[in-house]
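Asker: Here is a sequence together with a model predicted from it:
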Amino acid sequence: MTSMKTILETPATLPPDNSAAGMSSHRSLLRVIVAKFLQNKLAVIGLICLVLIIFSALFAPWLAQHDPNFQNLRLRLAPPSADNWLGTDHLGRDLFSRILFAGRVSLFVGFSAMLGAVTIGTALGAIAGYYGGRVDAVIMRLVDVVISFPNIFLLIALVAIFQPTLDKLIMVFALLSWTGTARLVRGEFLSLKQREFVLAARTLGMSPARIIFSQILPNAMGPIIVAATLAVGAFILAESALSFLGLGVQPPTATWGNMLTSAQGVRIFREAWWYPTFPGLMIFITVLSFNFVGDGLRDALDPKVLER
Amino acid sequence: MVSYLIRRSLSMIPILIGISVISFSIMYLAPGKPAVMNLDPTISAEARSRQLSALGLDDPAPIQYIKWLGAALKGDFGVSYIRKRPVSKMITERLPATLLLMGSSLFLASIIAIPMGILSAHKQYTPLDYGITTGSFLGIAVPDFWLGLMLIMLFSVNLGWTPVGGIATLGGDFSVLDRLHHLILPTIVLATGSMAALTRYTRSSMLEVLHQDYIRTARAKGFRESKVVMKHGFRNGLIPVITLFGLLLPTLVGGSVIVEKLFSWPGLGLLFIDATFQRDYPVIMALVMLGAVLTVIGNLVADLLYAMVDPRIEY
């Protein structure tokens, strides 16, 4: 056990602290994490894909050669060509341009829902883990109830009945999906709050809110970042499934999922393979990339691996 | 053990109550008071309120909830707004098709995933292991509806090997072969996600076991490698895998909605989708409840199985 003196002398912001030595150890820790991440080939491939996908969504208006909603009825179901790189859909719209613009919506839903879910989950998990006792019991019971609904069932019911707009759809996603993060953060807090630096902070008279946010939370960030990365992929998958069923984002706003709704039927399957193939392939690659990156981050941020 | 079973089962009660409250709230809060839409719009306001009170719709929410729950506990989920038939009857009619699809998917997932997981763990860090691991990543990330579309496009439409959808050939007599023929693609699509998850889980569970001392002992005794892996390793590695079966249940229930819609498979998932588009609230509530209860039971079964197969667990 460290003596009281050393605890008091240790700056309350442990780790990372602001002293010069702290900075350099922080930087080398980061370097170890980056090096570890770069060793994982799949994670690096995933990261490259994600950068490309996010870049192409951000710069869609400059990258697209056509208006994504322009219907060229003479060019219906045209095969991939120099002018329409990925062919056209049943209304003669350029698939490549539509996929770029659809990516903006799909990624926006994925990232916003993740932010919402992770914020709720982290807040409730932190409170449950830090305070324990009755607060913990109530929050965890709530987690048990929310986690018991097969997500897609409740999602479909809510979405079909209330026909939400994009922002409400994101809220529904977040409200149904914070449980995993809450459990994770609670576990981290349960073990971290026993550590000396928390005791030190408490001894110094820091308020619980400051201890939670400035002391414990930074040390629990690793698992949260991993969960958040995987969550973006999962939300994109959920949004595309709902939109595919005609329940999520409504046309004319294109998402990768609702592009596939009309990409069905014997004629399209016989004569226009590109139409159902490419939007789905984008979902697949995007979700896969998020999973690869999340998995790579998990290994890179795992302190057990670091200690070796 | 018995006291654990009782305690664990009792812990489900508050969860089930929470689930029923949420299911009920969805319908209660739904816009355009569903049952009201079914009333004849030309009747007088007086007749209208008489009908509403006959249906119990002018009761305060808690009373309506208790009435609904009381009936639901007896298996009475009301009458479908659209088809005017008891919901419980519609569910029992559709249940076998869904159970068949889920059962065959679980079977397919297990017979492929468990050997793959064992093989992958046994040959850790070989190209085979990397192949299987990457494959399971692909299986988890692939959108099931898109995989279904691709398979229908390739095998049903262009190659003509499999039916486009449905559970039986229209107008044909029932035959096992015909049923299997219709079952192939939906089963593959529904099994993919679970298969990938099961492979990864088996692999990590086996890896843990294969590094144990008793495995080294078994090898040192000169047992054949297959005996070491299968008899000493697999039997212990299987324990955590068993719990996954309970946890896969909600994935399968959720997945069946999309797969049944895609393949026009006349099960509960298709019933659910149709009901949501028609705003058939009694059906929606009953199925949301059923799905949630199944999930809770799945978790319970997983816990109990785990307790049963692993004598090291104490309560």
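Answerer: Everything's here; your move. Here the structure is a predicted model, which is why all the values come from computation and not from measurement.

Asker: Can you name the residue of the stretch 51-200 of chain B nearest to chain A?
Answerer: B:Trp146 (3.2 Å; CB to the nearest CB). To be clear about C-beta, it is placed using only N, CA and C from the backbone, and glycine gets the same treatment.

Asker: out of everything not next to it in sequence, what's closest to that residue?
Answerer: A:Gly280 (3.2 Å; CB to CB, 6 or more residues apart in numbering or on different chains).

Asker: Mind telling me what element the one you found is part of?
Answerer: Assigned by DSSP states H and E, A:Gly280 falls within helix A:274-301.

Asker: Show me what counts as buried in that helix.
Answerer: A:274-298, A:300-301 (16 or more other CB atoms under 10 Å in any protein chain shown).

Asker: same check, this time on stretch B:77-92
Answerer: For stretch B:77-92, burial by neighbour count (16+ other CB under 10 Å) applies to B:Phe77, B:Gly78, B:Val79, B:Ser80, B:Tyr81, B:Arg83, B:Pro86, B:Val87, B:Ser88, B:Met90, B:Ile91.

Asker: Any chance of the residues you listed in JSON lines with pLDDT as columns?
Answerer: Converted to JSON lines, the buried residues of stretch B:77-92 look like this (pLDDT from 0 to 100):
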{"residue": "B:Phe77", "pLDDT": "85"}
{"residue": "B:Gly78", "pLDDT": "83"}
{"residue": "B:Val79", "pLDDT": "84"}
{"residue": "B:Ser80", "pLDDT": "85"}
{"residue": "B:Tyr81", "pLDDT": "80"}
{"residue": "B:Arg83", "pLDDT": "83"}
{"residue": "B:Pro86", "pLDDT": "91"}
{"residue": "B:Val87", "pLDDT": "91"}
{"residue": "B:Ser88", "pLDDT": "91"}
{"residue": "B:Met90", "pLDDT": "93"}
{"residue": "B:Ile91", "pLDDT": "93"}
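
Asker: Closest one to B:Asp310 out of these, please.
Answerer: Closest approach between the buried residues of stretch B:77-92 and B:Asp310, by CB to CB: B:Ile91, at 35.3 Å.

Asker: Tell me the spacing between the residue nearest to B:Trp146 and B:Leu147.
Answerer: Distance check for A:Gly280 against B:Leu147: by CB to CB, to the nearest Å, it reads 8 Å.

Asker: OK, now which residue of the stretch 201-308 of chain A is nearest to chain B?
Answerer: As assessed by CB to the nearest CB, chain B sits closest to A:Gly280 within the stretch 201-308 of chain A, at 3.2 Å.

Asker: Write out the residues of the stretch 1-150 of chain B neighbouring chain A.
Answerer: Within the stretch 1-150 of chain B, the positions near chain A by CB under 8 Å from any CB of the partner chain are B:14-15, B:18-19, B:22, B:26, B:30-31, B:134, B:137-138, B:140-146, B:149-150.

Asker: need the contact list for B:Leu151.
Answerer: With contact set as CB atoms under 8 Å, 6 or more residues apart in numbering or on different chains, B:Leu151 has these partners: B:Leu185, B:Ile188, B:Val189.

Asker: can you put those in CSV and add distance to B:Val253, secondary structure and neighbour count?
Answerer: As requested, the contacts of B:Leu151 are arranged in CSV below (distance: CB to CB, whole Å; DSSP: H, G, I helix; E, B strand; the rest coil; neighbours: other CB atoms under 10 Å in any protein chain shown):
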residue, distance to B:Val253, secondary structure, neighbour count
B:Leu185, 19, helix, 25
B:Ile188, 18, helix, 20
B:Val189, 15, helix, 26
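
Asker: got CSV for these, with distance to chain A and pLDDT too?
Answerer: Below are the contacts of B:Leu151 laid out as CSV (distance: CB to the nearest CB, whole Å; pLDDT from 0 to 100):
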residue, distance to chain A, pLDDT
B:Leu185, 13, 95
B:Ile188, 16, 96
B:Val189, 12, 96
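
Asker: Between the residues you listed, which sits nearest A:Leu230?
Answerer: B:Val189 (22.3 Å).

Asker: in a helix, that's where A:Ala231 is, yeah?
Answerer: Yes. Assigned with DSSP: H, G, I helix; E, B strand; the rest coil, A:Ala231 falls within a helix.

Asker: Tell me who's in contact with the residue lying closest to it once chain neighbours are set aside.
Answerer: Excluding its sequence neighbours, the residue lying closest to A:Ala231 (CB to CB, 6+ apart) is A:Met114, at 4.5 Å. By CB under 8 Å, 6+ apart, A:Met114 lies in contact with A:Ala228, A:Ala231, A:Val232, A:Phe235.

Asker: now the host helix or strand of A:Ser112: mean pLDDT?
Answerer: Counting by DSSP H and E, the element that carries A:Ser112 is helix A:95-131. Mean pLDDT, computed over helix A:95-131, is 94.

Asker: Any buried residues in it, and which?
Answerer: For helix A:95-131, a neighbour-count test (16+ other CB under 10 Å) marks A:95-114, A:116-118, A:120-122, A:124-130 as buried.

Asker: wait, doesn't A:Ile212 sit right on A:Tyr130?
Answerer: Yes. Here A:Ile212 reaches A:Tyr130: they are 5.6 Å apart, a contact under CB atoms under 8 Å.

Asker: shared neighbours, these two?
Answerer: Common neighbours of A:Ile212 and A:Tyr130, counting by CB under 8 Å, 6+ apart, are A:Phe189.

Asker: can you count the residues close to A:Val34?
Answerer: A:Val34 is flanked by 11 other residues according to other CB atoms under 10 Å in any protein chain shown.

Asker: Provide the secondary structure category for the residue nearest the centre of chain B.
Answerer: Centroid-nearest residue in chain B, with CA atoms, centre = their mean: B:Val253, separated by 2.3 Å. Classification of B:Val253 using three-state DSSP returns helix.

Asker: Which pLDDT value belongs to A:Ala21?
Answerer: A:Ala21 is given a pLDDT of 45.

Asker: and if you look at the one 5 residues further on?
Answerer: Reported pLDDT at A:His26 in the predicted model: 63.

Asker: Same check on B:Val241?
Answerer: For B:Val241, pLDDT reads 82.

Asker: can you tell if whichever strand or helix holds it touches chain A?
Answerer: Counting by DSSP H and E, the element that carries B:Val241 is helix B:235-262. Yes. Shown here: helix B:235-262 in contact with chain A (CB under 8 Å from any CB) through B:Pro250, B:Val253, B:Gly254, B:Gly255, B:Val257, B:Ile258, B:Lys261.

Asker: Just among those residues, which is most surrounded?
Answerer: Scoring the residues of helix B:235-262 next to chain A on neighbours with other CB under 10 Å, the highest-scoring entry is B:Val257 at 28 neighbours.

Asker: Find the nearest non-adjacent residue to that residue, please.
Answerer: Per CB to CB, 6+ apart, closest to B:Val257 is B:Gly269, 3.9 Å.

Asker: Who are the contact partners of the one you found?
Answerer: Neighbours of B:Gly269 in contact, by CB under 8 Å, 6+ apart: B:Thr98, B:Ser256, B:Val257, B:Ile258, B:Val259, B:Glu260, B:Lys261.

Asker: Switch those residues over to a markdown table; also include distance to B:Glu46 and pLDDT.
Answerer: A markdown table is the format used below for those (distance: CB to CB, whole Å; pLDDT from 0 to 100):
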| residue | distance to B:Glu46 | pLDDT |
| --- | --- | --- |
| B:Thr98 | 45 | 93 |
| B:Ser256 | 46 | 90 |
| B:Val257 | 42 | 90 |
| B:Ile258 | 46 | 92 |
| B:Val259 | 49 | 94 |
| B:Glu260 | 44 | 94 |
| B:Lys261 | 43 | 93 |
